[in-house]
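Chemist: Provide a 3D model corresponding to the input given below.
(4 chains)
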2 protein chains.
Amino acid sequence: MNNAIEAELRRFPNTGRFLEGRLRSAMSEEERQRLEDMASIVERHDHGDRLISRGSRCDQSTMLVEGFMLRTLESDGKRFVVSFHVPGDFVDLHCFALKRLDHNIDCIGPCKVASVPHDEIIRTMREAPHLAHLFWFSTLLDAAMHREWILKLEQLKTPRRIAHVFAEIWRRLEMVGLGYPDGFETPLRQSDVAEMCGATPIHTNRAISELRRLGIADFHRGRVTVRDRAALERYADFSPDYLYGEGGLQVREGELSADGRP
Amino acid sequence: MNNAIEAELRRFPNTGRFLEGRLRSAMSEEERQRLEDMASIVERHDHGDRLISRGSRCDQSTMLVEGFMLRTLESDGKRFVVSFHVPGDFVDLHCFALKRLDHNIDCIGPCKVASVPHDEIIRTMREAPHLAHLFWFSTLLDAAMHREWILKLEQLKTPRRIAHVFAEIWRRLEMVGLGYPDGFETPLRQSDVAEMCGATPIHTNRAISELRRLGIADFHRGRVTVRDRAALERYADFSPDYLYGEGGLQVREGELSADGRP
DNA sequence: CGCATCCTTGAGGGCCATCAAAATGCGTGG
DNA sequence: CCACGCATTTTGATGGCCCTCAAGGATGCG
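Modeler: Residues are numbered from 1 along each chain as shown, chains lettered A, B, ... in the order given. Just a heads-up that it's a prediction; the model follows:
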């Protein structure tokens, strides 16, 4: 793992990955410390646990420290995945403003989380508006990713959708220091990938075989291996802009700085 | 149109529809006035105008006063619609935190908009955190709608997708006082609906015929007519919860009140 | 009336769902 | 070490949804 991120995690073990690869560099020392102090209540969950259910009233939000989570909606007795989360994501910050979530948050594999009471976020809005601005930014990142998923579902057939999902997971893991040069590991199963792509597990399996046959990507027991990253991203029509990391849409340091930051 | 909304529009002509049907009741007089004062620069646009292009730096956001807009992404030379806007929507508030939008905002039919400089929003965060909280809420409404679209694309075939789009537009227009008892009017063409559903115009045309044949809805030259609303919503598997109006997920008055509101 | 735009209809083929069944890998206990 | 049960992955066959190419109507405007 990246040395800078390791150093950050020694000082901020629960929140050191928050906005890493995006606007973390815009956070002051005080802000990093303030966030870490807010997120001191740590819990562990197992595979399949539902962290939050649609409609339940919530008065705290969750920072994902270790593990994978899915945002899901249920309809007709079936589960549909609308997005996923990696360590460093402020998973259900949405429910701070929405009060009741419209969706569920499900754990995939073992997860470690840190809880942040909403009272603390309200205090942040009053006392540290720049940090609050970054929180807002992080929820809008989710919205931007949702939009890309909508595009992907409207535009691509299943094999390319899967390639897109792989490309996105890989980039996001990499931004928080969890990718490998030739791929990544994830507790996702093929049926989870199917739920992310709006396809059946059977068709997803055939599509994954197709990716293997084409030399685009191999997915075997939670390990995705890619020989040629450019080929994967070209095949998936993937451009990482919408993740707001380095690149075209990136928010430059200082562009958020007018709002009350010392 | 609803009398209460008419009265609101007389006092706040540019912003009187903001959060109407959702949390507008939680806005104080001062907050309503403050927002109206912020949104004093009015402009008009024509059908087909692109209000904002992906990637352009922006330092103001736009309140849609009259008309329809689409959020679009372009890929492969084709346009894809990821969401739409009705009067009262704070259309590109996202770009306040993102600085560069990942998508375009396109006008459908003639539009009237009011601009809000970002400096004013920053001041709001410092001076009126409760109002800022409502702004944040309104951007998360967009995210919730995005999630519902993802679900819809993963779950439904084209005829039901179209029915879902119709049901959503109708409800949203109704919340801001622009629906009719038996349907609604919109400048959308069939090809726009196609772009919203990830289908070709030809297939969309056949699907609309199907809805007509089933007696679910009629769409003729921008007029959607529905005889049996319950039947439409049942057919589309539509539940309005995710719009956060009255109902299961609704944020009750006072639930946001802890944050610095007088 | 001519033209542009939008809507409608037809035919052929590819993607994907569904039903059914088999193979593979993994942990447990004998 | 092997046998067994379970979850997951893989394969096959059939039919429906939807894309593409092509062409024909309708509507409104100058």
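Chemist: how about low-confidence regions in chain A?
Modeler: Residue ranges of chain A with pLDDT under 70: A:1, A:256-262.
Chemist: Any part of the top strand by length along chain A near chain B?
Modeler: Scanning chain A for the strand with the most residues, using DSSP state E, yields strand A:60-75. Yes. Counting by CB under 8 Å from any CB of the partner chain, chain B is contacted by strand A:60-75 at A:71, A:73, A:75. Where C-beta positions appear, they are placed from N, C-alpha and C, glycine not excepted.
Chemist: Which among these count as buried?
Modeler: A:71, A:73 (16 or more other CB atoms under 10 Å in any protein chain shown).
Chemist: Can I get the residues of strand A:60-75 next to chain B in CSV including distance to residue A:234?
Modeler: Compiled in CSV, the residues of strand A:60-75 next to chain B are given as follows (distance: CB to CB, whole Å):
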residue, distance to residue A:234
A:71, 28
A:73, 31
A:75, 34
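Chemist: could you check whether the longest strand of chain A is close to DNA strand D?
Modeler: No. Strand A:60-75 stays clear of DNA strand D (CB under 7 Å from any atom of the strand), getting no nearer than 13.7 Å.
Chemist: do stretch A:163-180 as well
Modeler: No. Applying CB under 7 Å from any atom of the strand, one finds stretch A:163-180 out of contact with DNA strand D, separated by at least 13.7 Å.
Chemist: Same check on stretch A:105-113?
Modeler: No. Using CB under 7 Å from any atom of the strand, stretch A:105-113 never reaches DNA strand D; the gap is at least 10.1 Å.
Chemist: Provide the contact partners of that stretch at residue level.
Modeler: Contact with stretch A:105-113 is made by A:42-52, A:62-72, A:84-85, A:91-92, A:186-188, A:192, as judged by CB atoms under 8 Å, 6 or more residues apart in numbering or on different chains.
Chemist: Derive a PyMOL selection command for the buried subset of the residues you listed.
Modeler: To isolate the buried ones among the contacts of stretch A:105-113 in PyMOL, judged by 16+ other CB under 10 Å, type:
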select buried, chain A and resi 45+51+52+62+63+64+65+66+67+68+69+70+71+72+84+85+91+92+186+188+192
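Chemist: Which residues of chain A lie near DNA strand D?
Modeler: A:189-191, A:201-202, A:205-206, A:208-209, A:220-221.
Chemist: Can you give me the first-to-last residue distance of stretch A:44-62?
Modeler: End-to-end span of stretch A:44-62 (CA to CA, to the nearest Å): 12 Å.
Chemist: Provide the contact partners of that stretch at residue level.
Modeler: A:67, A:69, A:73-74, A:90-93, A:95-96, A:99-119, A:121, A:187, B:241, B:248-249.
Chemist: Those in strands, which ones?
Modeler: In this view, the contacts of stretch A:44-62 that belong to strands under DSSP E are A:67, A:69, A:73-74, A:104-117.
Chemist: Weed out the non-buried ones from those.
Modeler: Neighbour-count burial within these applies to A:67, A:69, A:73, A:104-109, A:111, A:113-116; the criterion is 16+ other CB under 10 Å.
Chemist: where along the stretch 151-262 of chain A do the helices fall?
Modeler: For the stretch 151-262 of chain A, helices defined by DSSP state H, counting those that start in this stretch occupy the ranges A:158-175, A:190-197, A:201-214, A:229-235.
Chemist: Let me have those in TSV, extended by distance to residue A:30.
Modeler: Formatted as TSV, those follow (distance: least, CB to CB, whole Å):
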stretch	distance to residue A:30
helix A:158-175	23
helix A:190-197	38
helix A:201-214	46
helix A:229-235	38
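Chemist: Quick check: which of those is nearest to chain B?
Modeler: Closest to chain B of those, according to CB to the nearest CB: helix A:190-197, at 7.6 Å.
Chemist: what distance separates that closest one from the middle of the whole chain?
Modeler: A distance of 16 Å separates the centroid of the chain from that of helix A:190-197, by CA atoms, centre = their mean, to the nearest Å.
Chemist: neighbouring contacts of it?
Modeler: For helix A:190-197, using CB under 8 Å, 6+ apart, the contacting residues are A:70, A:72, A:79-81, A:84, A:108, A:153, A:158, A:161-162, A:165, A:200-201, A:203-205, A:208, A:219, B:154.
Chemist: CA-only coordinates of it, as CSV, when you get a sec.
Modeler: The C-alpha trace of helix A:190-197 is given here as CSV (Å, rounded to 0.1, in the frame of the first residue of the first chain):
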residue,chain,number,x,y,z
GLN,A,190,-21.0,-13.5,-9.4
SER,A,191,-24.6,-13.2,-8.3
ASP,A,192,-23.7,-9.9,-6.6
VAL,A,193,-22.2,-8.6,-9.9
ALA,A,194,-25.4,-9.7,-11.6
GLU,A,195,-27.5,-7.6,-9.2
MET,A,196,-25.3,-4.7,-9.9
CYS,A,197,-25.8,-5.0,-13.7
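Chemist: buried set for that helix?
Modeler: Buried-residue list, helix A:190-197, by 16+ other CB under 10 Å: A:192-197.
Chemist: quick one: that helix near DNA strand C?
Modeler: No. Against DNA strand C, helix A:190-197 shows no contacts by CB under 7 Å from any atom of the strand, the least distance being 7.8 Å.
Chemist: What segments of the stretch 1-150 of chain A are helices?
Modeler: Going by DSSP H, counting those that start in this stretch, the stretch 1-150 of chain A shows helices at A:3-11, A:29-38, A:94-98, A:118-127, A:129-155.
Chemist: Looking at these, which is nearest to DNA strand C?
Modeler: helix A:129-155 (10.0 Å; CB to the nearest atom of the strand).
Chemist: Looks like residue A:199 contacts residue A:158 (just checking).
Modeler: Yes. Using CB atoms under 8 Å, residue A:199 makes contact with residue A:158 at a distance of 4.8 Å.
Chemist: any shared contact partners between these two?
Modeler: residue A:207.
Chemist: Spatially nearest residue to residue A:150 (excluding sequence neighbours)?
Modeler: Take residue A:150 and drop its neighbours on the chain: the residue closest to it by CB to CB, 6 or more residues apart in numbering or on different chains is residue B:82, 4.4 Å away.
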